[in-house]
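> model the structure of this input:
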Amino acid sequence: MRRSTILAAATVSAAVALVAFPAAVGSRTPSRAPAVEEAAFQAVILDATSGASTLSVDPPDPAYRSAGGDAAQGPYAIGGPPVAAATRPPLAQPQPAPQIAYKPARAVLHGIATFYDNGTTAMRLPRGTVIRVCGPAGCLERVVSDYGPFGPGRIIDLYRPDFFRICGCGWWAGTVWVTVYVY
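Purely as a prediction, here's the structure:
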């Protein structure tokens, strides 16, 4: 028993020493990398492919030189007379016509649409399904946000303004034949 007590005390002492003195164990806090001194940059001469001319790379320019070029050579001087850019004849291209292209639908449904004032689009599809509803007066893109409808032959319940936008009918109408594209 005496031996196990001494072993336990030594283990606890070692654990306390590791927590209390982490520097003695070898851990330290990270330090920032030192900045590169400007004296480390030197002029380098590179040989060109033919070996006849050389290119000199200077250290970084001071602010007064990099703002507008070298005063002795003028702004952006390369060392030769300016060369006129080759001009291309203008090409006659037709203007693209505005158009809409839909990706192929996963399913196409035909049936009766009704309206209700709940503010949602109800269909017997999972919520979040993107659909395009087309009627006699146009098409709308909507996201299914409710489950329904609960009547024979009806495939979709639309919010009242959406219903009359695709219906193109009077206020007395309650149903319209639609095509629903499921994406």
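
> is A8 in a helix, a strand, or coil?
The three-state label given to A8 by DSSP: H, G, I helix; E, B strand; the rest coil is helix.

> quick check: it vs P152, distance?
Distance from A8 to P152, counting by C-beta to C-beta, to the nearest Å: 80 Å. C-betas here are computed from N, CA, C, even on glycine.

> compare these two (neighbour count), which wins?
The residue with more neighbours, out of A8 and P152, is A8; 10 against 6, by other C-beta atoms under 10 Å.

> just to confirm, which helix or strand has F115 in it?
strand 107-116 (DSSP states H and E).

> helices and strands around that strand, which ones?
Applying 3 or more C-beta pairs under 8 Å, 6 or more residues apart in numbering; DSSP states H and E, one finds that strand 107-116 contacts strand 154-159, helix 160-167, strand 175-182.

> out of those, which is closest to P34?
In this view, those are compared for proximity to P34 by C-beta to C-beta, and strand 175-182 is the closest at 61.7 Å.

> pairing partners for the closest one, with directions?
strand 107-116 (antiparallel), strand 130-135 (antiparallel) (DSSP bridges).
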